[in-house]
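>>> Here is the input, now give the coordinates:
(chains A, B, C and D)
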Protein chains: 2
Amino acid sequence: MTATIKDVAKKANVSVATVSLVIHNHQRISSETKRKVRKTIKDLNYHPVRTARGLVSQKSGNIGFIVTEDHFSRSEPFYTQIFLGTEFQARESEYYVLLTTVNSDFNSNFKMPRFILERNVEGVILAGKVSQSLIENIKKLEIPLVFVDYYPPQGNYPVVMIDNFAGGLKATQHLIDCHHNRIAFIAGDISHPSISERFQGYKMALDRNQIPFDPNLVVIDEPYPAREFGYNSAKKLLQRNISVTAIFACNDAMAIGVLQFLKEKNIKVPTDISLIGFDDVEANLSMDPPLTTVRVPKVEMGIEAIKLMTEILCQRQTRSRKILMPVELIVRCSTCEHQN
Amino acid sequence: MTATIKDVAKKANVSVATVSLVIHNHQRISSETKRKVRKTIKDLNYHPVRTARGLVSQKSGNIGFIVTEDHFSRSEPFYTQIFLGTEFQARESEYYVLLTTVNSDFNSNFKMPRFILERNVEGVILAGKVSQSLIENIKKLEIPLVFVDYYPPQGNYPVVMIDNFAGGLKATQHLIDCHHNRIAFIAGDISHPSISERFQGYKMALDRNQIPFDPNLVVIDEPYPAREFGYNSAKKLLQRNISVTAIFACNDAMAIGVLQFLKEKNIKVPTDISLIGFDDVEANLSMDPPLTTVRVPKVEMGIEAIKLMTEILCQRQTRSRKILMPVELIVRCSTCEHQN
DNA sequence: GTGAAAGCGCTAACAT
DNA sequence: ATGTTAGCGCTTTCAC
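A predicted model of the protein is given here:
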């Protein structure tokens, strides 16, 4: 079998304690001994066993990642990308990320994620909106928490958020810069903080440019920001028979639905109506025309979440506990100058 | 702190051994005692600690998932989907999946994935093509292996493969059923087994329908089956100035590139040329027209890989060690009857 | 500066 | 049918 700490100790003629101290690069070991032990470790190709280390130090070396089933199975791999970011950064910090999904309606009758019950994670990252009950149950266990793309109404937690307001502003300003002034806003689930912040950005941009806000240009009564609801929203909007030269959809999924409707009505994008989305999902590139959008740095959000978490786990919280991720305007072909 | 096995033993007036045996539902414990102990476990909200259990039983409760960096960062989330499948199924089997990436050129000079060195996984799933050196190094450690979407030239391993041949056959037969007989085949990296199997399927379908194979209809000299190479291939194909009524692209990424080229040349899909892809990636739905393709059950492949692995880990290898995943023709709007 | 030894929480062989 | 006990491989206090 593989070498244990005992084998190393024996071979190097020291105690297991010394080997352990060398591994952790402790001060009080002479550099002579360190050299000798390190050589032996290398010779024997010794690596401390994770479970043994975890048992005594109470540190599993794992970080939990929780997302609701709904969010995770959504076709746009938004949270999947965030998860990939955590995997990526966790490697740097010598952690592993254990992913699990929970029911959106999680309450005290549900079983807690297994990695929490088994004390198999040192901290938990919550991605997207989760139930208050889950949050409280984890909090009770005193497991460090980091939120990503959601912030609970009460409590004061470290969090990685998207700068949705700036995104809404940028998207709208881009359309205004293209001389549009009849700009519609389309959204689903307006009660979600991220969506409503985008809406605020939209309104702020209008305001800054002295363009009056027209409620007739707003369709925000669909339940969820998904493709089919984008389609419905566009339909509702155009049934109003008002002048519209550009549409800001609150996310790419809805924008895809909007585009589909416009195509069916033979309305040309961008010449008849400019269209901008939000998120920058993979599918945008294969759209016709490719969608102008606001890029959300999904992978980077995962990276930041792990950075926050590791700082918390190491007890050195040097950085701010709230991270606001910048977004970027990606101009493709679904927006153009408004022709008068 | 949380309850340990000792607390349960004390409270239930039994030994820790008994508690342990009850947890594992051992025969020789009276149902009376079982009831009593189980109640205490519930009362104390006791859950065995993973690391402790792992240390003594030499079972970490984790399964490793290895994919090359290249494969993982590819824009189409093919392996990501497979990984999600493993996560999904692992939950059922009470395992966690630890993901890591390796360099495609992995050789003995590289460090082995940390979860292997730390003995933190009971088995390893290898997704996609990985270097022979990595395989051999893992094999040396006698860690159970399961391959997904790749099979090494030597050795005899459990594997989950796509039925690429059947897929190539189905795609081509679909076009033939639509009365096409000038069907082009476009591919990149034809040396990859999966791609060449699709090509075999294509040829077989022609053969079965007494359609002569015409090398002029084949473009397989691009290095990699990606969007831009699909574009290039279509260009090459049409420069030959031969009759083509349908194109079978070896995967969706290339099909997207093909479509882009056809659009630029104002060639209508499907009326002028029918187009079919392979894989069924998310982006297909937002294409115009939505792409007819052959669906590869990516999530299901992950599920099957974990099933295989758990069977191996439990020493009951009842099922076949080689799983061939069926593919499915998904007819959307990029193919239609050939008009003469 | 280094070693001896206790013990993390659990499983399993052996005793009763 | 149940209890006692010896570790699993490691970290960490406390002696020396």
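
>>> who are the neighbours in contact with residue A:161?
Shown in contact with residue A:161 (Cβ atoms under 8 Å, 6 or more residues apart in numbering or on different chains): A:149, A:151, A:322-325. Placement of C-beta: from N, CA and C, glycine included.

>>> Dump those residues to CSV, plus secondary structure and pLDDT.
CSV is the format used below for those (DSSP: H, G, I helix; E, B strand; the rest coil; pLDDT from 0 to 100):
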residue, secondary structure, pLDDT
A:149, coil, 94
A:151, coil, 90
A:322, strand, 92
A:323, strand, 95
A:324, strand, 96
A:325, strand, 97
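
>>> List only buried entries from these.
A:149, A:151, A:323, A:325 (16 or more other Cβ atoms under 10 Å in any protein chain shown).

>>> Out of the contacts of residue A:161, which is nearest to residue B:202?
residue A:149 (43.9 Å; Cβ to Cβ).

>>> tell me, how many neighbours does residue A:271 end up with?
Using other Cβ atoms under 10 Å in any protein chain shown, residue A:271 has 11 neighbouring residues.

>>> Apart from its neighbours in sequence, what residue is nearest the spatially most central residue of chain A?
Central residue of chain A (Cα atoms, centre = their mean): residue A:82, 4.3 Å from the mean position. Nearest residue to residue A:82 in three dimensions, chain neighbours excluded: residue A:302, at 4.3 Å (Cβ to Cβ, 6 or more residues apart in numbering or on different chains).

>>> shaky segments in chain A?
Along chain A, segments meeting pLDDT under 70 span A:1, A:75, A:316-320, A:340.

>>> and it, which residues reach DNA strand D?
A:1, A:4-6, A:16-17, A:19-21, A:23-24, A:46-49, A:52-53, A:55-57 (Cβ under 7 Å from any atom of the strand).

>>> if you set the cut-off to 6 Å instead, what comes out?
Applying Cβ under 6 Å from any atom of the strand, one finds that chain A approaches DNA strand D through A:4-5, A:16-17, A:20-21, A:23, A:48-49, A:52-53, A:55-57.

>>> out of those residues, which touch DNA strand C?
Among the residues of chain A next to DNA strand D, the residues that sit close to DNA strand C (Cβ under 6 Å from any atom of the strand) are A:16-17, A:55-56.

>>> hang on, the earlier thing: for the contacts of residue A:161, give me a markdown table that also has distance to residue B:232.
Formatted as a markdown table, the contacts of residue A:161 follow (distance: Cβ to Cβ, whole Å):
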| residue | distance to residue B:232 |
| --- | --- |
| A:149 | 38 |
| A:151 | 47 |
| A:322 | 47 |
| A:323 | 42 |
| A:324 | 42 |
| A:325 | 36 |
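
>>> With respect to residue A:293, which of those residues is nearest?
Once Cβ to Cβ is applied, the member of those that ends up nearest residue A:293 is residue A:325, at 15.4 Å.

>>> For that closest one, give its distance to residue A:91.
Separation of residue A:325 from residue A:91 (Cβ to Cβ, to the nearest Å) stands at 21 Å.

>>> now swap in residue A:277 and tell me
32 Å.

>>> between the two, which one's more packed in?
Using other Cβ under 10 Å, the more surrounded residue of residue A:277 and residue A:91 is residue A:277, with 30 against 17.

>>> show me the contacts for the more buried one.
So residue A:277 contacts A:249, A:251-252, A:254-256, A:284, A:291-294, A:334 (Cβ under 8 Å, 6+ apart).

>>> cutoff 10 Å now
Taking Cβ atoms under 10 Å, 6 or more residues apart in numbering or on different chains as the criterion, residue A:277 is in contact with A:171, A:186, A:230, A:247-256, A:258-259, A:284, A:287, A:291-294, A:330, A:332, A:334.

>>> Residue A:183 now?
Applying Cβ under 10 Å, 6+ apart, the residues near residue A:183 are A:171-172, A:175-176, A:202, A:205-206, A:211, A:214, A:217, A:244-248, A:274, A:276, A:338.

>>> following the strand or helix carrying residue A:202, which helix or strand shows up next?
Per DSSP states H and E, residue A:202 falls inside helix A:193-208. Downstream of helix A:193-208, the first helix or strand assigned by DSSP H and E is strand A:218-222.

>>> mind checking how far that next one is from the chain centre?
25 Å (Cα atoms, centre = their mean, to the nearest Å).

>>> So which bits of that strand are buried?
Of the residues in strand A:218-222, A:218-220, A:222 count as buried by neighbour count, 16+ other Cβ under 10 Å.

>>> Kindly indicate which of the residues you listed lies nearest residue B:30.
The closest of the buried residues of strand A:218-222 to residue B:30 turns out to be residue A:222 (Cβ to Cβ; 59.6 Å).

>>> Could you double-check that that closest one sits in contact with residue A:187?
Yes: if you go by Cβ atoms under 10 Å, residue A:222 and residue A:187 touch, sitting 7.4 Å apart.

>>> Next to DNA strand C, which bits of chain A? Give me the list.
Checking chain A against DNA strand C by Cβ under 6 Å from any atom of the strand, the hits are A:14-18, A:28-30, A:33, A:55-56.

>>> 7 Å - rerun?
So chain A meets DNA strand C at A:13-18, A:21, A:27-30, A:32-33, A:55-56, A:58 (Cβ under 7 Å from any atom of the strand).

>>> For those, which two are the farthest from each other?
A:32 and A:58 (32.3 Å).

>>> Run through the residues that contact the spatially closest residue to residue A:288 that is not a sequence neighbour.
Of all residues not flanking residue A:288 in the chain, residue B:288 sits nearest, at 4.1 Å (Cβ to Cβ, 6+ apart). Neighbour list for residue B:288: A:259-260, A:263, A:286-289, B:259, B:263, B:269, B:333-334 [criterion: Cβ under 10 Å, 6+ apart].

>>> Contact partners for residue A:165?
Contacts of residue A:165 (Cβ under 10 Å, 6+ apart): A:194, A:196-202, A:204, A:324, A:327.

>>> Now rank those by neighbours and give me the top one.
Result: residue A:198 is most packed of the contacts of residue A:165 (other Cβ under 10 Å), 31 neighbours.

>>> Now for that residue: which residues touch it?
A:162, A:164-169, A:171-172, A:185, A:187, A:190, A:192, A:225, A:248-251, A:278, A:294, A:327.

>>> Repeat that for residue A:154.
Here residue A:154 is in contact with A:132, A:135-136 (Cβ under 10 Å, 6+ apart).

>>> before we move on, what SS does it have?
Here residue A:154 is recorded as coil under DSSP: H, G, I helix; E, B strand; the rest coil.

>>> How many neighbouring residues does residue A:255 have?
33.

>>> now it, nearest residue through space, not along the chain?
residue A:277 (3.4 Å).

>>> before we move on, back to that, which of the three states applies to the residue nearest to residue A:288?
coil.

>>> Could you report the separation of the closest residue to DNA strand D within the stretch 151-300 of chain A from residue A:86?
Proximity to DNA strand D, evaluated over the stretch 151-300 of chain A using Cβ to the nearest atom of the strand, is greatest for residue A:158 at 24.5 Å. Applying Cβ to Cβ, the value for residue A:158 to residue A:86 is 14 Å.

>>> thought residue A:110 was touching residue A:137?
Yes: counting by Cβ under 10 Å, residue A:110 touches residue A:137, with 9.0 Å between them.

>>> Which neighbours do those two have in common?
What both residue A:110 and residue A:137 touch, as defined by Cβ under 10 Å, 6+ apart, is the set residue A:131.

>>> Have a look at the two and say which one is more surrounded.
Neighbour count, other Cβ under 10 Å: between residue A:110 and residue A:137, residue A:137 has more, with 18 against 14.

>>> Excluding sequence neighbours, find me the nearest residue to the more buried one.
residue A:112 (6.2 Å).

>>> burial count for that neighbour?
By other Cβ under 10 Å, neighbour count at residue A:112 equals 18.
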